[in-house]
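Asks: Quick one: sequence and predicted model below, then my questions.
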Amino acid sequence: MDEKDYEAIFETFEKTKKMNELKKTDFIQIIQSLSKNISVYDLSIATSILREEGKYVQEHYREKYLEIYIKYFIMRIKDINQDKTDYAEDYVNTNKLHESLDILKQQMKMEKNEHKNDKFPLIYALISLYTTYLLEEPIHPVGTPFPGTLYVTHENGIFYCPVKKNNENNPKSVCKFCIAERTELD
């Protein structure tokens, strides 16, 4: 993606910054319109990127890690495109959304040279926003493994992430706006 592509993505979202209220039905339409720019070829490239990054994951849980990320990545774009949910009169928290958009915009600027010929940053942004603001689920799905045999969990209606605490200040992380709570490890 080039600079114009990045700007076009955020121009679409900039319109929401002028709104005090944003219905989820309007937000899903924005997400869906952007996801229509992602082809099967783009998803294939994203899968290759995930596999490449996965080779640095500890071997004993690499396959589980890749299975979750690849299925989750590909399936979420399909879910976005096929989402016919009646969000009724539900609203997106626009203050939090704008903070999230600022984080994603900074990340895209940092990664624009890293991902010149693919739509990985767009896929990443759409999945993060869709999962957080429409599904109200953590960005990493329940069961995602992390080093030390730790997993994202769902207990008593609350999602917990074992790596959130260590990544909340990471500029390449979306932990700041993920709805999962930090797992308190002893």
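Replies: The structure has been received and is ready for your questions.
Asks: Quick one: the helices in the protein, in order.
Replies: Assigned by DSSP state H, the chain shows helices spanning 3-14, 24-35, 40-54, 59-82, 94-111, 120-129, 164-167.
Asks: Run through the neighbouring helices and strands of the fourth one.
Replies: So the one you mean is helix 59-82. Helices and strands touching helix 59-82, by 3 or more C-beta pairs under 8 Å, 6 or more residues apart in numbering; DSSP states H and E, are helix 24-35, helix 40-54, helix 120-129, strand 145-146. No exception for glycine: its C-beta is placed from N, CA and C like everyone else's.
Asks: Compare the mean pLDDT across these and name the weakest.
Replies: Sorting the helices and strands packed on helix 59-82 by mean pLDDT places strand 145-146 lowest, at a mean of 81.
Asks: Paired strands for that one, with orientation please.
Replies: Partners of strand 145-146 in the sheet, by DSSP bridges, are strand 150-151 (antiparallel).
Asks: which outside residues touch the partner strand?
Replies: If you take C-beta atoms under 8 Å, 6 or more residues apart in numbering as the criterion, strand 150-151 is touched by V142, G143, T144, P145, P162, V163, T183, L185.
Asks: what mean pLDDT does it have?
Replies: Strand 150-151 comes out with an average pLDDT of 87.
Asks: rewinding a little: counting only strands, which of the contacts of strand 150-151 make the cut?
Replies: In strands, defined here by DSSP state E, the members of those are P145.
Asks: Point out where this protein drops to low pLDDT.
Replies: Within the chain, the segments meeting pLDDT under 70 span 1-8, 112-117, 185-186.
Asks: What's the local residue count around the nearest residue to S128 once chain neighbours are set aside?
Replies: Closest residue in space to S128, ignoring its immediate chain neighbours: V174 at 4.8 Å, by C-beta to C-beta, 6 or more residues apart in numbering. The local packing of V174 (other C-beta atoms under 10 Å) involves 21 other residues.
Asks: pretty sure V174 is touching I103, no?
Replies: Yes: assessed by C-beta atoms under 8 Å, V174 is found in contact with I103 at 6.8 Å.
Asks: What are the neighbouring residues in contact with the residue nearest the centre of the chain?
Replies: The residue lying closest to the centre of the chain (C-alpha atoms, centre = their mean) is S128, at 1.9 Å. Residues in contact with S128, defined by C-beta under 8 Å, 6+ apart, are S100, L104, I139, V174, F177, C178.
Asks: From Q58, how far off is the fifth one?
Replies: Distance from F177 to Q58, counting by C-beta to C-beta, to the nearest Å: 27 Å.
Asks: got it, and the first one?
Replies: Separation of S100 from Q58 (C-beta to C-beta): 30 Å.
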